[in-house]
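Enquirer: One predicted model, sequence on top.
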Amino acid sequence: MRLAPRSLRGRLLLVILAALGVAQLLILWFFAGERSLAVQTALAQEAAARAANVAQLLDESPPEQAPVILAAANSPLVRFSLDDEPAVDHPEHANPFLAARLARYLGRKPGPDVRVEVHERVRLRDRDHRWAPQVSDEMRRMHRAMMGTTRVAAVRMEVSIRVASGNWLNVETRFHRPPVQWAFPAVMTFVVSAVVIALAVWVALGRLTGPLRALADAATRFGRGEPVAPVPVGGPEELQRLTRAFNEMQDRIRRFVDDRTQLLAALGHDLRSPLTALRVRAEMVDDDETRERLVASIEEMQQMVEATLSFARGMAESEPAETVDLGDYVGALCAEMAEAGEEVTFIAPEGAVSARLRPAATRRALRNVIGNAVRYGGRARVAVRADGVVVVEDDGPGIPEAELSRVFEPFVRLERSRSRETGGTGLGLSIARSILTAQGGSITLENRAEGGLRVLMRLPR
């Protein structure tokens, strides 16, 4: 799997070529079997015809010529002998087809005077072969080289023919299964077919995977909150349906988010006037204690309204994304906060770490998180990791494990560690999470073993 292509185009092409190769091997195997059977049948028929010729020659020649005829007919793989009894004396492996063919060669009718027996898949050792006396050593070496091994699968055929003298001409022949051969035309046919199919499939898949890549890029940009134009509809019908569904989904989500954001912004804006009027009326209260309490409550409500507007702006703004060096970007923000008197320590990464983000919005998210660490933990330690994660740690009391996910909800403030007396409206982490997730990032919280809170902000690389 490590060597397999990563793209859909490459994997489909690899599967098609692999299937073509397997099909070619199966075809070779099937045709090799057919070829072997054809060659064996041809050799058997040739041996039967040769036996018929020798039998006819013995019938037409004087008896004293029989040894000469037999010696001349013998070969490394065919042995002729003239005996009183037939070598084929049982019908277990009789071959009626070859027997009938041999009888026709002899001009006889099929009967017991012509017998053929075939033993398949006999294991033949060269040292066990009974060579004819007249076979030279050179002929034996050539035969061994032709077989290629001293132990091969062979087919043995025995023929028994009654001749005119009343004796039996016994013939034993052995022929081997021909080896599987890669013919050059077959190899070139496979190569040419594979190249043509690969080119055709590569071009066809390019027309399919190209729109898929465009759709994936658009989905990635849309998930990061970047403005995305409708993806052009093209390709097969299924791909067109997918593209239309994505464009419709993108339009619905954008309208839904815009409507909610506008409603939230309008609500926060409209609350400013009543709060201002309440503040004026509260200042007219004669009782000092009552007046201070009313003013404090109204100021708290005004802070919540301002935070709500800030939250709405963070969701509504469509700032273009930029590729920045994350170390320099976060380091500049930490230096600015340190110059303002906040205790912030920055740990720069080793080497450049690039990230694609919306600079102003991400700056607001980082400032919220770092500001929380300074406010509730006394100081903040900020580090940028090589994998694009910004880590913010503090020495505060931490957050109960059961509340780690709930603190991201709007207006949630923990009474013990995030009380109203320390400041804040409960929207800082909500704003930070909305900004980061809108760009394809994330934010998680965890308590440090030695005490304090650790915030991990993952930004898109």
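Expert: Happy to help now that I have it.
Enquirer: And residue 379, how close does it get to residue 392?
Expert: According to CB to CB, to the nearest Å, residue 379 stands 11 Å off from residue 392. C-beta here means a position set from N, CA and C on the backbone, and glycine is covered the same way.
Enquirer: These two: which is more packed in?
Expert: Under the criterion of other CB atoms under 10 Å, the comparison of residue 379 against residue 392 puts residue 392 first, with 26 against 15.
Enquirer: nearest residue to that one other than its sequence neighbours?
Expert: The shortest distance from residue 392 to any non-neighbouring residue, by CB to CB, 6 or more residues apart in numbering, is to residue 455 (4.3 Å).
Enquirer: Show the average pLDDT along the host helix or strand of the one you found.
Expert: Here residue 455 is covered by strand 453-458, with elements defined by DSSP states H and E. Average pLDDT, strand 453-458: 92.
Enquirer: How about the contacts made by the residue lying closest to residue 359 once chain neighbours are set aside?
Expert: Nearest residue to residue 359 in three dimensions, chain neighbours excluded: residue 322, at 5.8 Å (CB to CB, 6+ apart). Contact analysis of residue 322 by CB atoms under 8 Å, 6 or more residues apart in numbering lists 356-359.
Enquirer: and which of these is nearest to residue 297?
Expert: Nearest to residue 297 out of these is residue 358 (CB to CB; 35.4 Å).
Enquirer: what number of residues lie near that closest one?
Expert: Neighbourhood size, residue 358 [other CB under 10 Å]: 22.
Enquirer: Also the one 4 residues further on?
Expert: Residues contacting residue 362 under the criterion other CB under 10 Å number 27.
Enquirer: Residue 356 now?
Expert: Neighbour count for residue 356, taken as other CB under 10 Å: 19.
Enquirer: Residue 171 now?
Expert: Neighbour tally, residue 171, other CB under 10 Å: 27.
Enquirer: Can you pull the phi/psi pair for it?
Expert: When quoted as degrees, to the nearest 10, the phi and psi of residue 171 stand at phi -120, psi 130.
Enquirer: Would you mind measuring from it to residue 332?
Expert: The gap separating residue 171 from residue 332 is 101 Å, by CB to CB.
Enquirer: one step back: okay, and the beta partners of the residue nearest to residue 359?
Expert: Going by DSSP bridges, residue 322 is paired in beta bridges with residue 357.
Enquirer: got a pLDDT number for it?
Expert: Value listed for residue 322 in the pLDDT field: 87.
Enquirer: got it, and residue 438?
Expert: The confidence metric pLDDT takes the value 78 at residue 438.
Enquirer: Quick check: the gap between residue 370 and residue 390.
Expert: 9 Å.
Enquirer: If you count surrounding residues, which of these two has more?
Expert: residue 390 (29 against 25).
Enquirer: quick check, that one in a strand?
Expert: Yes: under DSSP: H, G, I helix; E, B strand; the rest coil, residue 390 falls within a strand.
Enquirer: residues touching it, list them.
Expert: Counting by CB under 8 Å, 6+ apart, residue 390 touches 326, 330, 366, 382-384, 456-457, 459.
Enquirer: which residues touch the nearest residue to it once chain neighbours are set aside?
Expert: Excluding the flanking residues, the one nearest residue 390 by CB to CB, 6+ apart is residue 457, at 4.4 Å. Going by CB under 8 Å, 6+ apart, residue 457 touches 365-366, 369, 389-392, 432, 436, 441-443.
Enquirer: who wins for neighbours among those?
Expert: residue 390 (29 neighbours).
Enquirer: Distance of that residue relative to residue 461?
Expert: Noted for residue 390: a distance of 13 Å to residue 461, by CB to CB.
Enquirer: How about residue 251?
Expert: Counting by CB to CB, the gap from residue 251 to residue 461 is 28 Å.
Enquirer: cool, residue 341 as well?
Expert: Separation of residue 341 from residue 461 (CB to CB) stands at 33 Å.
Enquirer: More neighbours: which of these two?
Expert: Neighbour comparison, residue 341 and residue 461: the larger count goes to residue 461, with 13 against 8 (by other CB under 10 Å).
Enquirer: Just to check, that one is in contact with residue 385?
Expert: No: at 11.5 Å, residue 461 and residue 385 do not qualify as touching, with contact defined as CB atoms under 8 Å.
Enquirer: domain ranges for the chain?
Expert: Domain segmentation of the chain under automatic domain parsing yields 8-176, 214-318, 319-458.
Enquirer: can you redo those domains as CSV with distance to residue 185?
Expert: Formatted as CSV, the domains of the chain follow (distance: least, CB to CB, whole Å):
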stretch, distance to residue 185
domain 8-176, 13
domain 214-318, 37
domain 319-458, 55
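Enquirer: Give me whichever of the ones you listed is most buried.
Expert: Mean neighbours per residue, mean count of other CB atoms under 10 Å, is largest over these for domain 319-458, with a mean of 17.
Enquirer: Is residue 279 located within a helix, as I assumed?
Expert: Yes: inclusion of residue 279 in a helix is indicated when three-state DSSP is applied.
Enquirer: Distance of it relative to residue 427?
Expert: Per CB to CB, residue 279 is found 21 Å from residue 427.
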